[in-house]
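>>> I'd like to go over a predicted model; first the sequence, then the structure.
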Amino acid sequence: MSNTLLDFMIVSIALLAIGIYGVSVKRNAIRMLFAIEIIVNAANLNLVAFARFLPGSEGQTFALFSIAIAAAEVGVGLALIIVAYRMYKNVDIAEFRSLKG
Amino acid sequence: MADAVFLAISIMTIGSAIAALEVRSLIYGSIALMGTLGGIAGFFLLLDSPFVAMFQIAVYIGSIAVLILFTVMLVRRQLIFTKIEDKRRKYAGIGLMLIMMVGLGAIVIGSGIKSIQTDEPPVDFREIGEDFLIYYWPALILMALILAASVIGALTLARREDVTNEQHTT
């Protein structure tokens, strides 16, 4: 195998940084969900990469768990976005005023 | 050193991740997100874990991307194509991104991870099945319950008809 663990980790770090940029800059709720998905995928990539290079199969098992939980999270997140869109007729999170304390 | 397939997949993954966040239209953004998720599945294939790759394609590209596309279509047309963001906040976000990349990259490169090599055979999917059914079966049942609860919760949230906003009506 010609690719080292470091290569996969660098890609994973790049994806994590892009995701954090998206979460901190974007105000569109759907785009924030995109950014969260990118972060979750960076974590999964790390899990599987370490599972390949260290002995044991637990990394792949945990990655499968993580993918399933992420699916649940996206379902609930999109339902919340739809409810908020019905209330405010907007997906800009700065407009969701009654969520403020 | 990385080979050509790895480089191609990583350029596609990172490029479409940036496109997913920066393209003006949300529909093209969600299609670019599909590119990112598919690229990650390609990495899983390169890492000799085809089972996880198939799971990734089935769950992410098959269901999540379609779900996101349908949600985007429910939103008003004008909102799909407008981009709302602060210029100063954007520059601060880019700075944060670069700091994270350089900082974490320096930590990882300096940590001696480079010397890790492997000559073991890849994990068979039978081992993953044994893991699931022998060691992690309580977690598997819990995950099934969480998925069922989240589906029911999402349905009840999205079906509510009585959602009104007092601040807008008054």
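Received it, and whenever you're ready, just let me know what you need.

>>> near chain A at all, the helix or strand B:Leu104 falls within?
Using DSSP states H and E, B:Leu104 maps to helix B:87-110. Yes: against chain A, helix B:87-110 shows contacts by Cβ under 8 Å from any Cβ of the partner chain at B:89-90, B:92-94, B:96-98, B:100-101, B:104-105, B:108-109. For the C-beta atoms, the positions are set from N, CA and C on the backbone; glycine is no exception.

>>> name the helices or strands packed onto that helix?
helix A:5-25 (3 or more Cβ pairs under 8 Å, 6 or more residues apart in numbering or on different chains; DSSP states H and E).

>>> got the angle for the helix it packs on vs helix B:87-110?
Here helix A:5-25 points in a direction 160 degrees away from that of helix B:87-110 (axes from the mean of the first three to the mean of the last three Cα atoms, to 10 degrees).

>>> helices of chain A, start to end?
For chain A, helices defined by DSSP state H occupy the ranges A:5-25, A:29-53, A:58-88.

>>> what sits against A:Tyr21?
Shown in contact with A:Tyr21 (Cβ atoms under 8 Å, 6 or more residues apart in numbering or on different chains): A:35, B:21, B:93-94, B:96-97.

>>> so where's chain B shaky on pLDDT?
Applying pLDDT under 70 to chain B flags residues B:1-2, B:162-170.

>>> try 90 this time
B:1-3, B:22-27, B:47-50, B:61-91, B:93, B:108-133, B:135-136, B:154-170 (pLDDT under 90).

>>> show me how it divides into domains.
Using automatic domain parsing, the domain parsing of chain B gives B:1-82, B:84-113, B:124-160.

>>> most packed of the ones you listed?
Among those, ranked by average contacts under mean count of other Cβ atoms under 10 Å in any protein chain shown, first place goes to domain B:1-82 (a mean of 18).

>>> tell me if it is near chain A.
Yes: Domain B:1-82 lies within reach of chain A by Cβ under 8 Å from any Cβ, at B:1-3, B:6, B:10, B:13-14, B:17-18, B:20-21, B:26, B:29-30, B:33, B:36-37, B:40, B:43-44, B:46-49, B:51-52, B:55-56, B:59-60, B:63-64, B:67-68, B:71-72, B:74-76, B:79.
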